[in-house]
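J.: Build me a model from this:
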Amino acid sequence: MSLQPKAAVGAPLSRVDGRLKVTGGADYAADHDIDGVVHAVIVDASIGRGRITGIDTGAAEAQPGVLKVISHRNAPTLAYRDNPGSNNPPGGRRLRVFQDDQVLFHGQPVAVAVATTLEAAQHAASLVEVTYDAQTPSTDLSDGSAPTNTPVTYARGDAQAALAGADVRMEMTYRLARNHHNPMEPHATIARWDGDRLTVWDKTQWVIGGTQTELAAVFGIPPASVRVISPFVGGAFGSGLRTWPHVTVAALAARETGRPVKVVLSRRQQYFGTGFRPAYEYQVRLGSARNGRVSAMIHGIRSETSTYEPYGEGGILPVGQHLYSTPNVSQTYRTVRLDVNTPVPMRGPGFATASYAIESAMDELSYELGIDPIELRLRNEPGTDPANGNSFSTRRLRECYATGAREFGWDRRNPKPRSTRDGDWLIGTGMATGVYHTLRAPAQARIRLDADGTALVESATSDMGPGTYTSMSQVAADALGLPMRRVTFRLGDSLMPNAPLHGGSLTMASVGSAVLGGGNQVRRQAIELAVGDEQSPLYGVAADTVVVRNGRLHVRDDPARGETYQQLLTRNNRDSLEVVGSFTPAQSRFTTEAYAAVFAEVAVDARLGLVRVRRMLGVYDAGRIISPKLADSQALGGLVGGIGQALLEHTVTDHRDGRIVNANLADYLVPVNADIPVLKAIYLESEDMEADPLGVKGIGEVVLVGVAPAIANAVHHATGRRVRDLPITADALL
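T.: This is a model prediction of the structure:
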């Protein structure tokens, strides 16, 4: 088949759903207008550990409009079948809503008030009196007495012996605070039962394998009896990758009251009703020769998890295994069981955390040896994957460093810390490396080409903001040879073909490859129909010489000889051509990863310790860029998120009772416009055909990885002080 021309892929197109979003026409989970819907408000546990000894619902149930108050005392027993095929649970025994009197963490749902209005439900919830037999919770990661799960380990070479024999030995411990996702749209669910069939309108990043399968498991019904609808997600960053208790509460309340029920978490409830990036303690011990070749690195890692589920981040170890050519590596990763709710992936999960520790340690080593930070990394750049000997599909970090150094003006940097001032401000620059693995999963997409020359493409994926509607339309348009305006992409419904979770930078590689494959099949069907049709101008032409542009099939070297899709299908009495495209990732002999070089300039007030980021640059080796506009949105958003991780975001827990004391956007700080400096992203022109048929690696995750250490390294360069705890606050610099 001839090479199909590309017109949409690679073009800086605006979002096809942009007008809907800015005019309020996009319906998010709580926006759907469901006849007869009533409201439910969850009552949260006010202790961090213990058991419920009594629940008085009399005053609440006496209020006008209140339909029911449900707790473990009157809730039916739910099936809670095992559900190993999804993120629910990651192991252990997931939280069972209203099934017993145990309180496992502060904020756990202990009751729900259902009423005809939101105000009545809120008032009723406030009147529910719960008494407890409270115990002191364990919520502090630094408490060495807390139990741990079986550690995950990795080793190559003899790290202890190599460290002992190294010219330079260093030991550092880095601490990262718990972070919460804080998406713009709060988590919400509307649930309605029609007999034994359940429909939910949910904020989710996993329509079928997540919400659908979990609700089927909880209520003991077939997955086909659960329909999940989620056309728009207003940000998630990973918080929508699990089916949280409020989803079950909505479905349970709907079944118990016989009415559709809406549950919307308050901003405060987001902090314990959904997951979070866990807090970490990360010890690095490294040994190096005087020439900068790192001979040994020992990683000792601890992170928090709940007592009932052993959540560990798979991405915490690969950075230390694959990034540098260190011959001797030892890693030990322990998750600490605490009286908290279960963590969940947050943008760049594991990789962003590990990169902070490793890239900070490399920066510390560069100053110890007097070697430029970029040069140190170049001296430790591997030729093949040091973990397994595989070749890299593409690894252009050297080009990332060179491009970034040139564009950022790295050569103008005085390497001496605390050497550059601008009035009262100390100026510093820093850099760090980012890496993220290229994930792929089986996916399907239905492509239908109609006789009017338009196409409909559907897949049960999600879109939490990266622009799935737009990027999939671009791929489909080029595969079919149609202009973008004649392609409609739909997503977010479990009745559509199966798609994997929407996260991990795998949507474009997976669903996009299914769209590409299905689109190619439909186009080929049309070409074969034309070349076999005696009435077609293309009759008898070799199929591999026919291309399609703007909905018109023609001979590649003879554009005048051809016809439109409309003419072809109408003449053949075909209403449409339809295919379900599928993608299954193949085993690869290569290590496929996306890479970044991140550069930051900061200013630190010499008297007050205030840190301001002045400018940032990210250079990315991320395969083919389907949409430069969408990529910029992701990259700049990742840089902004890294500013938050480095300087602002910190979930604070009162360890006396497990209460999160800054569970609001006034006290949990995230970057605002005044915090955002000049940001720039550069993408190396490339493709990775070992990764997937589109040649993409994914851009959404890697753009956060490396940002926090670049800022932290710049702060050290500005001040001469090394702060190893995130976020970096003014008091640490005074």
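J.: so Leu569 is in which element?
T.: helix 565-571 (DSSP states H and E).
J.: got it, and Tyr367?
T.: helix 351-369.
J.: avg pLDDT for that helix?
T.: For helix 351-369, mean pLDDT rounds to 98.
J.: Pull out the buried positions in that helix.
T.: Across helix 351-369, burial judged by 16 or more other C-beta atoms under 10 Å covers 351-367, 369. From N, CA and C alone the C-beta is placed, and that goes for glycine too.
J.: same check, this time on stretch 487-507
T.: Neighbour counts using 16+ other C-beta under 10 Å place 487, 489, 491-494, 496-507 of stretch 487-507 among the buried residues.
J.: And for stretch 147-159?
T.: 149, 152, 159.
J.: show me the contacts for the residue nearest to the last one when sequence neighbours are not counted.
T.: Spelled out, it's Ala159. Excluding the flanking residues, the one nearest Ala159 by C-beta to C-beta, 6 or more residues apart in numbering is Ser330, at 3.8 Å. Residues in contact with Ser330 (C-beta atoms under 8 Å, 6 or more residues apart in numbering) are 153-155, 159-160, 297-299.
J.: Let's have those in a markdown table, adding pLDDT, distance to Asp621 and secondary structure.
T.: Below are those laid out as a markdown table (pLDDT from 0 to 100; distance: C-beta to C-beta, whole Å; DSSP: H, G, I helix; E, B strand; the rest coil):
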| residue | pLDDT | distance to Asp621 | secondary structure |
| --- | --- | --- | --- |
| Thr153 | 98 | 30 | strand |
| Tyr154 | 98 | 25 | strand |
| Ala155 | 98 | 29 | strand |
| Ala159 | 98 | 29 | helix |
| Gln160 | 98 | 34 | helix |
| Met297 | 98 | 23 | strand |
| Ile298 | 98 | 28 | strand |
| His299 | 98 | 25 | strand |
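J.: Distance from the helix holding Tyr367 to the middle of the chain?
T.: 24 Å (C-alpha atoms, centre = their mean, to the nearest Å).
J.: Past it, which element shows up next along the chain?
T.: By DSSP H and E, the next helix or strand past helix 351-369 is helix 373-379.
J.: Now that next one: average pLDDT?
T.: For helix 373-379, the per-residue pLDDT averages 98.
J.: tell me which strands and helices it is in contact with?
T.: With contacts taken as 3 or more C-beta pairs under 8 Å, 6 or more residues apart in numbering; DSSP states H and E, helix 373-379 sits against helix 351-369, helix 397-408, strand 425-437.
J.: can the ones you listed go into CSV with extra columns for distance to Ala115?
T.: CSV is the format used below for these (distance: least, C-beta to C-beta, whole Å):
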stretch, distance to Ala115
helix 351-369, 42
helix 397-408, 56
strand 425-437, 45
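J.: Out of those, the one nearest Tyr132 is which?
T.: Evaluated over the helices and strands packed on helix 373-379, closeness to Tyr132 peaks at helix 351-369, with 34.3 Å, by C-beta to C-beta.
J.: Which member of the contacts of Ser330 is positioned nearest Gly512?
T.: Tyr154 (32.0 Å).
J.: so the nearest residue to the closest one once chain neighbours are set aside, which of the three states?
T.: Nearest-residue entry for Tyr154: Gln331, 4.3 Å, with adjacent residues in sequence omitted and distances by C-beta to C-beta, 6+ apart. When classified by DSSP: H, G, I helix; E, B strand; the rest coil, Gln331 comes out as strand.
J.: Can you name the residues that contact the nearest residue to Ala79 once chain neighbours are set aside?
T.: For Ala79, ignoring the flanking residues on the chain, the nearest one in space by C-beta to C-beta, 6+ apart is Gly220 at 3.0 Å. Applying C-beta under 8 Å, 6+ apart, we find Gly220 in contact with 78-79, 81.
J.: Check Leu529 too.
T.: Per C-beta under 8 Å, 6+ apart, neighbours of Leu529: 536, 568, 572, 574, 577.
J.: Need the three-state assignment for it.
T.: Reduced to three states by three-state DSSP, Leu529 is helix.
J.: correct me, but Ala162 touches Ser295?
T.: Yes - assessed by C-beta atoms under 8 Å, Ala162 is found in contact with Ser295 at 4.8 Å.
J.: Now list whatever residues contact both of these two.
T.: Contacts common to Ala162 and Ser295, judged by C-beta under 8 Å, 6+ apart, are 287, 327-328.
J.: circling back to that earlier point, the helix holding Tyr367 relative to strand 425-437, how many degrees between them?
T.: Counting by axes from the mean of the first three to the mean of the last three C-alpha atoms, to 10 degrees, helix 351-369 lies at 130 degrees to strand 425-437.
J.: Who are the packing partners of helix 351-369?
T.: For helix 351-369, the packing partners by 3+ C-beta pairs under 8 Å, 6+ apart come out as strand 168-176, strand 280-288, strand 294-306, helix 318-322, helix 373-379, strand 425-437, helix 628-647, helix 707-719.
J.: looking at those, which is closest to Ala666?
T.: helix 628-647 (15.1 Å).
J.: Please identify the buried residues of the closest one?
T.: So helix 628-647, judged by 16+ other C-beta under 10 Å, has buried residues 630-647.
J.: just stretch 196-212 next, same as before
T.: In stretch 196-212, counting by 16+ other C-beta under 10 Å, buried: 198-212.
J.: Closest to Asn550 out of the residues you listed?
T.: Val207 (33.0 Å).
J.: residue contacts, that closest one?
T.: Per C-beta under 8 Å, 6+ apart, neighbours of Val207: 228, 230, 460-462, 492-494, 499.
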